[in-house]
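# the following comprises the amino acid sequence and a computationally predicted model.
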Amino acid sequence: MIKRIIKDELSKIMLNYCAEKQLGAAPQFSVEDPPKGIYADIATNAAMQLAKSFKLKPREVAAELSQMTLKALGNKIKSVDIAGAGFLNISFSDEFIFSILKTILDEAQNFGRSKTGNGKKALVEFVSANPTGPLHIGHGRGAAIGDSLARILSFLGFDVVREYYLNNVGNQMEMLGASVEARYNELKGKPVSFPQDGYKGDYIKDIAGKYDELSGKTFKEFAIEEIMKTITDDLKTFSVSFNSWFPESDLAAKKDPKGFTEVDRVCAWLKEKNFAYDKEGALWFTSSAYGDDKDRVLKRSDGRYTYLASDIAYHKNKIERKFDILIDIWGADHHGYVPRMHAAISCLGAEKGTLNVILYQLVSLLRGGQAVAMSTRSGEFVTLKEVLNEVGSDACRFFFMMRAPDSHLDFDLELAKKQSSENPVFYVQYVYARCSSIFREAGKDAKIDFTNLSALNADLSLLRENDEKNLIKQLAGFPETLELCLGSMSPHHITKYLTDLADAFHKFYEKCRVLGVDTELCRARLCLLKAASIVIKNGLFLLGVSSPEKM
């Protein structure tokens, strides 16, 4: 928020500077946090960029810009210092810092909320795990990223729909049904020939034990139904929900009055528009013309469609539902699929930038310093439910989003279970719990009148300590953090921001007593705590993490 305000003002100043000197268009410039050891709030290379563009002397330009900045920003800034070859280091006035605190208190749960999305429709498709077994922790990371990103987009003014694409057709589903049937026969004492590539986990035996021949369901249908019950229960425990569940069978099995499926129709359309061609008895997609390394098969010579054909039909369906932004969250093992899907989106006529594919690296779960391998075929895997039972949903979600999606993540179970400041989620949540505890105590003191606490009836100028002002400036960074999340399509900026905010809070709390001081100073510091609790709660909500009032 601060950087945006200062950059907007500096842009106007540079335009005026260029106009006065008849230089032409003002160049781009940056507004950043100053390097360590520089006692200022904001640093900018605006003067240096002007000097470089128009071959002027940087420090002379900096001197002129500093005076113009002081004049234009009035009571927002205290000083503008020139450093090095012409950097401008800007320090804020106390009045400006306190105005930020007032804004947070006024906007409360809406602080950081914006209309950036302008009501654009966004479809976030995530998890979409094949119903061949329970969710593992890799799926959990994708679920946490997708759900949090959907929350952030909604907070920033997008009209968001969350969708799970249910891959309920194909060879894997047939193999699942055959695996359950084999275990069922085994339980009945019948001769068994277990499929060579069948699913061997104990959950297959559990499903077979529940199967009832009188149900009228095939083994495949029953297995999918049981596994989806497990998946939806785990997601509910993980605070993840969906607006829409889209079965692949709707594309590949449902037929129109002429007997054609959606996959039939999209492949025929691609061929008609010369985006697909016949070769060696198969139908090929011209994906190489759109950045893929080679053309891809849509329909095999034996008449079976590939997964790509279904995925193109699915994305065509998304576009026809009038979504402005399509976000697909996939495991990193699908990286080779990205170019062909971008190729498909181009052929379908969507605008450039419509499709955003987020690839996330899988998770290494550490037990005793050793990573546990996961495989739905061998049955040797750790489920998301097991980890949730061991460390809880809050720790899982926070840890899954501590790194950018494309970064490898080691999940330290022992750290996630610690009830101490070493555990980052505990460290952040403790700020909210500590604030809540102080509010409860303050409510018992009639002098403070905590029920009527606001910036309007508190003297914020009493917040004179550097740790108090630093905490306010840290709070002000929340809206910018959300914009970073939007720009990178990743929630991990929030976990880093909240950890830094907790650092600033604990430094303040160690040095600045809240209760038991002068009543007016107490009220001012309670306002600061109230603002901190607001931002912590907003940030944790966007991560899908709770804000406990007691810990």
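That came through fine.
# what is the least confident helix or strand in this protein?
The helix or strand of the chain with the poorest confidence is strand 370-371; it has a mean of 75 (mean pLDDT, DSSP states H and E).
# and the next helix or strand after that strand, what does it pack onto?
Remark: after strand 370-371, the chain's next helix or strand is helix 384-391, criterion DSSP states H and E. Secondary-structure packing of helix 384-391 (3 or more Cβ pairs under 8 Å, 6 or more residues apart in numbering; DSSP states H and E): helix 137-155, helix 219-237, helix 393-400, helix 413-417. Using the backbone N, CA and C atoms, a C-beta is placed for each residue, glycine as well.
# mind running it again at 7 Å?
Judged by 3 or more Cβ pairs under 7 Å, 6 or more residues apart in numbering; DSSP states H and E, the packing partners of helix 384-391 are helix 137-155, helix 219-237, helix 413-417.
# can you tell me which of those helices is most buried?
Greatest average neighbour count among the helices and strands packed on helix 384-391 goes to helix 137-155 (a mean of 25), per mean count of other Cβ atoms under 10 Å.
# next, the angle helix 393-400 makes with that helix.
Calculated by axes from the mean of the first three to the mean of the last three Cα atoms, to 10 degrees, helix 137-155 forms an angle of 90 degrees with helix 393-400.
# helix 137-155: how far from the chain's middle?
5 Å (Cα atoms, centre = their mean, to the nearest Å).
# the nearest residue in space to Y184 that is not next to it in sequence: how many residues sit nearby?
Closest residue in space to Y184, ignoring its immediate chain neighbours: A208 at 4.1 Å, by Cβ to Cβ, 6 or more residues apart in numbering. If you count neighbours by other Cβ atoms under 10 Å, A208 ends up with 22.
# check whether A208 really touches R183, as I assumed.
Yes: because the distance of 3.7 Å satisfies Cβ atoms under 7 Å, A208 is recorded as touching R183.
# list the buried residues of stretch 301-314.
Y305, T306, L308, A309, S310, D311, I312, A313, Y314 (16 or more other Cβ atoms under 10 Å).
# just the CA atoms of it, as CSV, please.
Extracted C-alpha coordinates of stretch 301-314, given in CSV (Å, rounded to 0.1, in the frame of the first residue of the first chain):
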residue,chain,number,x,y,z
SER,A,301,-5.6,-46.4,-34.8
ASP,A,302,-7.8,-48.8,-32.8
GLY,A,303,-10.4,-46.1,-32.3
ARG,A,304,-9.6,-45.2,-28.7
TYR,A,305,-9.2,-41.6,-27.7
THR,A,306,-6.2,-40.4,-25.8
TYR,A,307,-6.3,-38.4,-22.5
LEU,A,308,-5.3,-35.3,-24.6
ALA,A,309,-8.6,-35.6,-26.6
SER,A,310,-10.6,-35.6,-23.4
ASP,A,311,-8.6,-32.7,-21.9
ILE,A,312,-9.1,-30.6,-25.0
ALA,A,313,-12.9,-31.3,-24.9
TYR,A,314,-12.8,-30.4,-21.2
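# what sits up against that stretch?
165, 248, 251-252, 262-263, 266-267, 280-282, 285, 296-300, 340-341, 344 (Cβ atoms under 7 Å, 6 or more residues apart in numbering).
# give the buried subset of these as a ChimeraX selection command.
Here is the ChimeraX command that selects the buried residues among the contacts of stretch 301-314 (16+ other Cβ under 10 Å):
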select :165,248,251,252,262,263,266,267,285,296,297,298,299,340,341,344
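# in helices, which of the contacts of stretch 301-314 fall?
Secondary structure from DSSP state H places L251, A252, E262, V263, V266, C267, R340, M341, A344 of those in helices.
# nearest to Y427 among those residues?
Using Cβ to Cβ, M341 is the member of the ones in helices among the contacts of stretch 301-314 that sits closest to Y427, with 39.2 Å.
# between helix 137-155 and the lengthiest helix in the chain, find me the angle.
The single longest helix within the chain, with elements called by DSSP H, is helix 519-543. Per the same axes, to 10 degrees, the angle that helix 519-543 makes with helix 137-155 is 120 degrees.
# how about helix 519-543: buried residues?
Those buried within helix 519-543 under the rule 16+ other Cβ under 10 Å are 521-540, 542-543.
# can you get me a residue count around E422?
E422 has 10 neighbours, counted by other Cβ under 10 Å.
# got it, and the one 3 residues further on?
Counted with other Cβ under 10 Å, the neighbours of V425 add up to 26.
# check contacts around it.
Neighbouring residues of V425 by Cβ under 7 Å, 6+ apart: D394, A395, F398, V545.
# a markdown table for the residues you listed, including distance to L415, pLDDT and neighbour count?
As requested, the contacts of V425 are exported to a markdown table (distance: Cβ to Cβ, whole Å; pLDDT from 0 to 100; neighbours: other Cβ atoms under 10 Å):
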| residue | distance to L415 | pLDDT | neighbour count |
| --- | --- | --- | --- |
| D394 | 14 | 98 | 21 |
| A395 | 9 | 97 | 24 |
| F398 | 11 | 98 | 27 |
| V545 | 16 | 98 | 27 |
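# tell me the secondary structure at S193.
Secondary structure for S193, judged by DSSP: H, G, I helix; E, B strand; the rest coil, is coil.
# state the pair within the contacts of V425 that is farthest apart.
Using Cβ to Cβ, the contacts of V425 reach their maximum pairwise distance at A395 and V545, which is 8.6 Å.
# quick revisit: what about the residue nearest to Y184, which helix or strand?
Going by DSSP H and E, A208 is in helix 202-210.
# only alpha carbons, please: show that helix as PDB.
Taking Å, rounded to 0.1, in the frame of the first residue of the first chain, the C-alpha atoms of helix 202-210 are listed here in PDB:
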ATOM      1  CA  ASP A 202      -4.900 -52.400   1.700                       C
ATOM      2  CA  TYR A 203      -7.600 -49.900   0.800                       C
ATOM      3  CA  ILE A 204      -8.500 -52.200  -2.100                       C
ATOM      4  CA  LYS A 205      -9.100 -55.100   0.300                       C
ATOM      5  CA  ASP A 206     -11.300 -52.700   2.400                       C
ATOM      6  CA  ILE A 207     -13.400 -51.800  -0.600                       C
ATOM      7  CA  ALA A 208     -13.700 -55.400  -1.600                       C
ATOM      8  CA  GLY A 209     -14.900 -56.300   1.900                       C
ATOM      9  CA  LYS A 210     -17.800 -53.700   1.600                       C
END
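# gap between it and the chain center?
The chain centroid and the centroid of helix 202-210 are separated by 35 Å under Cα atoms, centre = their mean.
# for that helix, name the packing helices and strands.
Applying 3+ Cβ pairs under 7 Å, 6+ apart, one finds that helix 202-210 makes contact with helix 171-187, helix 219-237.
# the inter-axis angle of the last one versus helix 384-391?
Relative orientation of helix 219-237 with respect to helix 384-391: 30 degrees, computed using the same axes, to 10 degrees.
# helices or strands next to helix 219-237 in the packing?
Applying 3+ Cβ pairs under 7 Å, 6+ apart, one finds that helix 219-237 makes contact with helix 171-187, helix 202-210, helix 384-391.
# change it to 6 Å
helix 171-187, helix 384-391 (3 or more Cβ pairs under 6 Å, 6 or more residues apart in numbering; DSSP states H and E).
# which residues does it contact?
Residues external to helix 219-237 that are found in contact with it (Cβ atoms under 6 Å, 6 or more residues apart in numbering): 131, 134-135, 168, 173, 176-177, 180-181, 207, 211, 384-385, 388.
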